[in-house]
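Trainee: Here you go, sequence then predicted model.
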Amino acid sequence: MAELGKQGRPVDEVIAELTDKRANDVKWSDGKTFGMVYDGGPSVHEVAEQAARLYLHENALNTQAFPSLAAIQREVVGWTSSLLHGDLLEEGAASGFLTSGGTESILCGVLAARERGTTERGVTEPEMVVAETAHAAFHKAAHNFGLKIRVAAVRNDYTADVDAMAALVNDNTVLVVGSAPQYPQGVQDDIAAIAQLAMSVDANCHVDACMGGFVLPFAERLGRDVQPWDFRVPGVTTISADIHKLGYAPKGVSVILHRSKQSRQYQTFVFDGWLGGFYASPNMQGTRSGLPMACAWAVMQHLGIDGYVDLTRQTMINADRMRAGIMGIDGIRVLGDGQFHLIAMAAEPDSGIDVFALGDALMKRGWYHDRQAPPDNLHSTVSNTNTGVIDDYLTDLETCVAEIRGTTTDDRSTTYATLE
Ligand SMILES: *Cc1c(COP(=O)(O)O)cnc(C)c1O
């Protein structure tokens, strides 16, 4: 076990060692990583880095001490709400909070649904209904907050089977979940039908737009066919949208939106039964860095709607090119009919191709995908990060497919997250 040195080290030396430590990390800045880091370009880095410097030390735990962070949160949430048509609601503008990421936004949405169900409907054994493509964060929320989670199989096209979900809904259901789009294959669920199902039992409907929240509004402006999914859909209660994905802010910031202030109050914890005074906490964190919040504010202000539309146009060009290229190579295919920026690449049955071996061969050439199963496939979150490299990618892909055909790898793991 390593011990912290008794004597401190000079700044230069510390930073030099940190820099060296990064040697084996993925090199996202060369555009060859499909996910994890989303690169909005040099001026987006610049504005985020300067904002980070200003807010590195600030604490959003107490926004009375830091009123600027209250304003930042209010403004970023308000902009996101209007992008998702929360400003058109009869109930008044949709409201919400910033969180540290998609998982935390989902935790907040599930908690609010449970609290509303127990408070307004007297539900004592709360349940939620999801499709098997719903993000793992919903299972984490069910585990953490003591809800029973009922999981419906998806249709052949990987969209949620709303009839199968309807069979799982009952008097204990406090939440029904849809995704726009879902992560594994990037297809969008029928949100209107899912919200209708939720309303039929007076449950909340959460739309997981962690991936789509900062893509679909701009894809719609580009004239792409986007099925209704946001607050324009009756019955949608809460939405999660990650600014740290295709919102192009650095890590640590997402939005949870509620259709009404009344819904929002169910996620806030307030307490005064200790010796530290009145304590109100809107999300899962206590002490909370102002840095990601300020970066989100700065990046959104810098890009504006036009900047996001341009980044989305480029993202769609990249994704459409990649999908078409994959479909043109014998033996591999794209799972589902994803229309947006997520691509799941699998082998054709009996093609003699092991996609995990393919993933290894691509990795040797510097291309990084996440692995998923079942069925075995390589996942890509395409973004502006990958601009200018797609043709090179497809050339390497074709070479790698030829190279690995008939071979397999023993490593079948699909680890998506950190275990230690
Ligand atoms: C990324 C993602 C999440 C989880 O968000 P984190 O920011 O990783 O916590 C949830 N749902 C979908 C669809 C996602 O893409």
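Mentor: Perfect, thanks for sending it. Numbers count the residues shown, from 1 in each chain.

Trainee: burial of E403, as a residue count?
Mentor: Using other C-beta atoms under 10 Å, E403 has 14 neighbouring residues. For glycine as for every other residue, the C-beta is placed from the backbone atoms N, C-alpha and C.

Trainee: For H85, give its distance to the ligand.
Mentor: Look at H85 and the ligand: by C-beta to the nearest ligand atom, to the nearest Å, they are 20 Å apart.

Trainee: do the same with A52
Mentor: 18 Å.

Trainee: Check G122 too.
Mentor: On the measure of C-beta to the nearest ligand atom, G122 and the ligand end up 30 Å apart.

Trainee: How confident was the prediction at that residue?
Mentor: At G122, the pLDDT value in this model is 98.

Trainee: just checking, next helix/strand downstream of the helix or strand where L197 lies?
Mentor: L197 belongs to helix 191-200 when assigned by DSSP states H and E. Counting by DSSP H and E, the next helix or strand C-terminal to helix 191-200 is strand 204-208.

Trainee: hmm, who's touching stretch 32-47?
Mentor: Residues outside stretch 32-47 that contact it (C-beta atoms under 8 Å, 6 or more residues apart in numbering) are 26-29, 31, 244-248, 298-299, 301-303, 307, 311, 343, 366-370, 379-386, 389, 393.

Trainee: list the buried ones in the helix holding L197?
Mentor: For helix 191-200, a neighbour-count test (16 or more other C-beta atoms under 10 Å) marks I191, A192, A193, I194, A195, Q196, L197, A198, M199 as buried.

Trainee: do you know how far the fourth one is from L84?
Mentor: Read it as I194. According to C-beta to C-beta, to the nearest Å, I194 and L84 sit 16 Å apart.

Trainee: How about this structure: which residue is closest to the ligand?
Mentor: Per C-beta to the nearest ligand atom, G102 is where the chain lies closest to the ligand, at 2.1 Å.

Trainee: nearest spatial neighbour of that residue, skipping sequence neighbours?
Mentor: C210 (3.6 Å; C-beta to C-beta, 6 or more residues apart in numbering).

Trainee: Check the one you found and give its pLDDT.
Mentor: pLDDT for C210: 98.

Trainee: In which helix or strand does it reside?
Mentor: Using DSSP H and E, C210 sits within no helix or strand.

Trainee: Same question for S105.
Mentor: Going by DSSP H and E, S105 is in helix 102-121.

Trainee: If you count neighbours, what's buried in that helix?
Mentor: Buried-residue list, helix 102-121, by 16+ other C-beta under 10 Å: 102-117, 121.

Trainee: The following helix or strand past that helix pairs with which strands, parallel or anti?
Mentor: Moving toward the C-terminus from helix 102-121, the next helix or strand (DSSP H and E) is strand 127-131. Using DSSP bridges, strand 127-131 pairs in its sheet with strand 148-152 (parallel), strand 173-179 (parallel).

Trainee: SS state for A51?
Mentor: Under DSSP: H, G, I helix; E, B strand; the rest coil, A51 falls in the helix class.

Trainee: Quick check: it touching G290?
Mentor: No: A51 lies out of contact with G290 (C-beta atoms under 8 Å); the separation is 9.7 Å.

Trainee: Run through the residues that contact I72.
Mentor: G290, M293, A294, A296, W297.

Trainee: follow-up on the earlier one: keep only the contacts of stretch 32-47 that also lie close to the ligand.
Mentor: Checking the contacts of stretch 32-47 against the ligand by C-beta under 6 Å from any ligand atom, not one of them is in range.

Trainee: Restricted to buried residues, select those residues in ChimeraX.
Mentor: Selecting the buried subset of those in ChimeraX, with 16+ other C-beta under 10 Å as the burial test, is done by:
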select :26,28,31,244,245,246,247,248,298,299,302,303,307,311,343,366,367,368,369,370,379,380,381,382,383,384,385,386,389,393
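
Trainee: Tell me which of the contacts of stretch 32-47 fall in strands.
Mentor: Among those, the members found in strands (DSSP state E) are I343, D370, H379, S380, T381.

Trainee: In TSV, list those along with pLDDT.
Mentor: Converted to TSV, the ones in strands among the contacts of stretch 32-47 look like this (pLDDT from 0 to 100):
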residue	pLDDT
I343	98
D370	93
H379	97
S380	97
T381	97
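
Trainee: if I look at G122, how far off is D87?
Mentor: In terms of C-beta to C-beta, G122 sits 33 Å off from D87.

Trainee: How about the residues of the chain by the ligand?
Mentor: So the chain meets the ligand at 101-103, 106, 135, 137, 179, 182-183, 208, 210-211, 242, 254 (C-beta under 6 Å from any ligand atom).

Trainee: Report the buried members of the residues you listed.
Mentor: Buried among these (16+ other C-beta under 10 Å): 101-103, 106, 135, 137, 179, 182-183, 208, 210-211, 242, 254.

Trainee: Can I get those in CSV including distance to Y38?
Mentor: Shown next, in CSV, are these (distance: C-beta to C-beta, whole Å):
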residue, distance to Y38
G101, 13
G102, 13
T103, 17
I106, 19
H135, 17
A137, 18
S179, 19
Q182, 18
Y183, 14
D208, 18
C210, 12
M211, 11
D242, 10
S254, 13
